[in-house]
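Visitor: next one to model:
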Amino acid sequence: MFARNFLFLPGCIAALAVFLFAGAMPSHAGSVNDLLSPGKVIRGHARYESDCAKCHKRFDKAAQSGLCGDCHKEVKKDLAEKRGYHGLRKKEKECRECHTEHKGRETGIVLFDADRFDHEQADFLLKGKHADEKVKCKDCHVSGKKYREAPASCNSCHKKDDKHKGELGADCARCHTEKDWKTTSFDHNKTDYPLSGKHADVKCKSCHVTEKYKSAPKQCSSCHKKDDDKAHKGNFGPKCESCHAEKGWKEILFDHDRKTRYPLLWKHRDAKCTACHKGDAYKEKLQTTCASCHRKDDDKVHKGNFGTKCESCHAEKGWKETLFDHDRKTRYPLLWKHRDAKCTACHKGDAYKEKLQSSCIACHQKDDKHKGQEGRKCESCHDERSWTKAKFDHRQSRFPLTGKHAPVECRKCHAAPTFKDAKSDCWSCHEKQDAHKRRLGPQCESCHNARDWKVWDFDHDKTSFKLEDGHRKAGCYDCHRKPESKKFSLPATCGGCHDKDDVHDGTFGRQCERCHDAVAWKNIRAVGRVLQ
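Guide: Residues are numbered from 1 along each chain as shown. Have a look, this model is predicted:
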């Protein structure tokens, strides 16, 4: 009866009555809600169809969107985080503005035009191959699932294309782009192994064999073992970066000057590492003495006689260039020709143990043409400038060289190297030049001097027979006729020379000067004077 009378009540009163009735009858709320429902809800909401409070709050329409979020938590989260299709909308709307309900089980309450939809609104911009017309929505959005459930990660769609077999993780975008799957954009410099030099041009598979990236070795020797075996045979250890750089395999970076106690200078800088390092460069401790590397060179030249301190004479600039300062480091400075002489010319044995004599004769005894007759002091005549040019001062001898004698070569007078055998008298050398044929004796120096052979300066007035008047004009041979008159002991009387001229036949005696004078033989002195 109540039900029948209820049907005849005015609409609002009836609705209010039903509402109050429903509030008073909680055990029958579902049936009442069904009576008040404007229509069937979609299939996904069917289980909540009798429970209006699940989606509606009495007398508060604004609360409806919040109730939607209680069920659709993923959408609520997008709104809170401002992402996804709902979170990126410029103007926030109530859910019911787009999603209307109570229109039947099969009604689509999602207003979506796939052909006109701007994918940028879904927080997943389609670029590169993704924007290609060949790519359809169904390729990513599986039927029966919500559009928002479509995977956003590359690996979700391209897991089959992952040649790395998951070793590099699911973030394909770190290396690949939408432009082309084969084109990579991975920034290796952001890893713990930046690529530089020649490594920047190398293909990935050259280091990442079998597409293994996480387990790729970082040591040089792991990739360049063949190169190391060819060049060093493993003797220099696995730390290739100690010497080599990515710029070029042949370029050496190892700073021998700073990282070792043996700086490389001159020729050593150009030498190859293997020239000194024959074995393991890290385990083998090389000796730093020159002889340890250059013993063969020493045996060839010095035969070990100069000791092991090669650096005393040689430098890295050149093996043939010597540095030994003989002038400062020894008591025998090298001058002139001695400076050009080879070390082995004097040092026949051990240069350090053998004590050489400093006298000339010690080295030049074979060169002594004097056969020892001039003594052992070669430096008295010779010096280091030239062995053949003597500096002997003849003025210090018993025969000073003057006049024409000064420029004469030694051998002109000293026919033999035994200088002491040389004669000091003029006639011994000038016998051929003696125009007098010994008539004036062998004492040439009595008349001649060294200035010129033709100039003579004998002063007869200084003898016991002074030349006066006509005697001064007489020639030497006028008086000195006999070659055997070596001592010039001629008679000083007139008769000694003028016996043949005595017309008196000795009647007036032999004192011709009583009547005659030296002006002319025919001149007769006054008788009175004579008588006196």
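Visitor: surely residue 249 and residue 226 touch.
Guide: No: the pair residue 249 and residue 226 does not pass the contact test of CB atoms under 8 Å, sitting 11.7 Å apart. Just so you know, the C-beta spots here come from the backbone N, C-alpha and C atoms, and that holds for glycine as well.
Visitor: who has more neighbours out of these two?
Guide: Shown here are residue 249 and residue 226; by other CB atoms under 10 Å, residue 249 has more neighbours (15 against 9).
Visitor: how close does the more buried one get to residue 196?
Guide: In this view, residue 249 and residue 196 are 14 Å apart by CB to CB, to the nearest Å.
Visitor: can you check residue 339 too?
Guide: When residue 339 is compared with residue 196 (using CB to CB), they lie 55 Å apart.
Visitor: again with residue 46
Guide: From residue 46 to residue 196 the distance is 64 Å (CB to CB).
Visitor: the helices in the stretch 1-150 of the chain, which residues?
Guide: 2-6, 11-24, 29-36, 64-71, 73-81, 84-87, 95-98 (DSSP state H, counting those that start in this stretch).
Visitor: which of these has the lowest mean pLDDT?
Guide: Lowest mean pLDDT within the helices of the stretch 1-150 of the chain: helix 2-6, at a mean of 33.
Visitor: need the helix or strand of the protein with the lowest average pLDDT.
Guide: helix 2-6 (a mean of 33; mean pLDDT, DSSP states H and E).
Visitor: what about the closest residue in space to residue 523 that isn't next to it in sequence, neighbour count?
Guide: Take residue 523 and drop its neighbours on the chain: the residue closest to it by CB to CB, 6 or more residues apart in numbering is residue 517, 5.6 Å away. By other CB under 10 Å, the residues close to residue 517 number 14.
Visitor: so which residues make contact with stretch 468-476?
Guide: Applying CB atoms under 8 Å, 6 or more residues apart in numbering, the contact partners of stretch 468-476 are 436, 440, 467, 517, 518, 519, 520, 521.
Visitor: swap in 6 Å and give it another go.
Guide: Residues outside stretch 468-476 that contact it (CB atoms under 6 Å, 6 or more residues apart in numbering): 518, 519, 520.
Visitor: over to stretch 290-297?
Guide: 308, 310, 311.
Visitor: run the last query once more with 10 Å
Guide: Residues outside stretch 290-297 that contact it (CB atoms under 10 Å, 6 or more residues apart in numbering) are 268, 271, 275-276, 278, 286-287, 289, 298-301, 304, 306-316, 319.
Visitor: still on that earlier bit, make JSON lines out of the contacts of stretch 468-476 and add neighbour count, pLDDT and secondary structure.
Guide: Output for those, formatted as JSON lines (neighbours: other CB atoms under 10 Å; pLDDT from 0 to 100; DSSP: H, G, I helix; E, B strand; the rest coil):
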{"residue": "518", "neighbour count": "17", "pLDDT": "82", "secondary structure": "coil"}
{"residue": "519", "neighbour count": "11", "pLDDT": "83", "secondary structure": "coil"}
{"residue": "520", "neighbour count": "10", "pLDDT": "81", "secondary structure": "coil"}
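Visitor: closest one of the residues you listed to residue 363?
Guide: Using CB to CB, residue 518 comes nearest to residue 363 of these, at 69.1 Å.
Visitor: ok, which stretches of this structure are strands?
Guide: Using DSSP state E, the strands of the chain run over residues 176-177, 180-184, 244-245, 248-252, 314-315, 318-322, 382-383, 386-390.
Visitor: ok, of those, where does mean pLDDT dip lowest?
Guide: strand 386-390 (a mean of 76).
Visitor: elements contacting it?
Guide: strand 382-383 (3 or more CB pairs under 10 Å, 6 or more residues apart in numbering; DSSP states H and E).
Visitor: which pLDDT value goes with the most centrally placed residue in the chain?
Guide: The centre of the chain sits closest to residue 269, judged by CA atoms, centre = their mean, with a distance of 5.8 Å. Note on residue 269: pLDDT of 89.
Visitor: I'd guessed it sits against residue 316; true?
Guide: Yes: counting by CB atoms under 10 Å, residue 269 does reach residue 316; the two are 8.0 Å apart.
Visitor: where do the contact lists of the two overlap?
Guide: Counting by CB under 10 Å, 6+ apart, the common neighbours of residue 269 and residue 316 are residue 263.
Visitor: who's in contact with residue 327?
Guide: Applying CB under 10 Å, 6+ apart, the residues contacting residue 327 are 333, 334, 335, 339.
Visitor: how about 7 Å then?
Guide: 333, 334 (CB atoms under 7 Å, 6 or more residues apart in numbering).
Visitor: and the strands of the chain as JSON lines, adding distance to residue 52?
Guide: Below are the strands of the chain laid out as JSON lines (distance: least, CB to CB, whole Å):
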{"stretch": "strand 176-177", "distance to residue 52": "50"}
{"stretch": "strand 180-184", "distance to residue 52": "52"}
{"stretch": "strand 244-245", "distance to residue 52": "77"}
{"stretch": "strand 248-252", "distance to residue 52": "79"}
{"stretch": "strand 314-315", "distance to residue 52": "106"}
{"stretch": "strand 318-322", "distance to residue 52": "107"}
{"stretch": "strand 382-383", "distance to residue 52": "136"}
{"stretch": "strand 386-390", "distance to residue 52": "135"}
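Visitor: right, and the ones you listed - which one's nearest residue 111?
Guide: strand 176-177 (33.3 Å).
Visitor: mind checking how far the closest one is from the chain centre?
Guide: Remark: strand 176-177 is offset 46 Å from the chain centroid, using CA atoms, centre = their mean, to the nearest Å.
Visitor: what is it packed up against?
Guide: Contact partners of strand 176-177 among helices and strands, from 3 or more CB pairs under 7 Å, 6 or more residues apart in numbering; DSSP states H and E: none.
Visitor: got a list of contacts for it?
Guide: For strand 176-177, using CB under 7 Å, 6+ apart, the contacting residues are 128, 154, 183, 184, 185.
Visitor: recalculate using a threshold of 8 Å.
Guide: Contacts for strand 176-177 (CB under 8 Å, 6+ apart): 127, 128, 154, 183, 184, 185.
Visitor: farthest pair within the residues you listed?
Guide: Maximum pairwise distance in these, criterion CB to CB, is 16.0 Å, between 127 and 184.
Visitor: let me see the contact set for residue 185.
Guide: Residues in contact with residue 185, defined by CB under 8 Å, 6+ apart, are 175, 176, 177.
Visitor: count the residues that sit near the second one.
Guide: So the one you mean is residue 176. 19.
Visitor: what does the last one give?
Guide: By other CB under 10 Å, the residues close to residue 177 number 15.
Visitor: list the beta-bridge partners for it.
Guide: Beta bridges link residue 177 to residue 180, judged by DSSP bridges.
Visitor: for it, give its distance to residue 80.
Guide: 31 Å.
Visitor: same check on the first one?
Guide: To residue 80, residue 175 is 32 Å away according to CB to CB.
Visitor: quick one: which of the two has more around it?
Guide: Per other CB under 10 Å, whichever of residue 175 and residue 80 has more neighbours is residue 175, with 17 against 10.
Visitor: OK, contacts around the more buried one?
Guide: Each residue near residue 175 by CB under 8 Å, 6+ apart is listed here: 168, 184, 185, 186.
Visitor: how about the second one: what's its closest non-neighbour residue?
Guide: Yep, that's residue 184 we're talking about. residue 175 (4.5 Å).
Visitor: okay, the one you found: pLDDT?
Guide: So, for residue 175, pLDDT stands at 84.
Visitor: distance of it relative to residue 183?
Guide: Per CB to CB, residue 175 is found 9 Å from residue 183.
Visitor: residue 346 now?
Guide: Using CB to CB, residue 346 is found at 79 Å from residue 183.
Visitor: next: residue 441.
Guide: Distance of residue 441 to residue 183, computed by CB to CB: 126 Å.
Visitor: comparing those two, which residue is more hemmed in?
Guide: residue 441 (18 against 11).
Visitor: sweet, I'm off.
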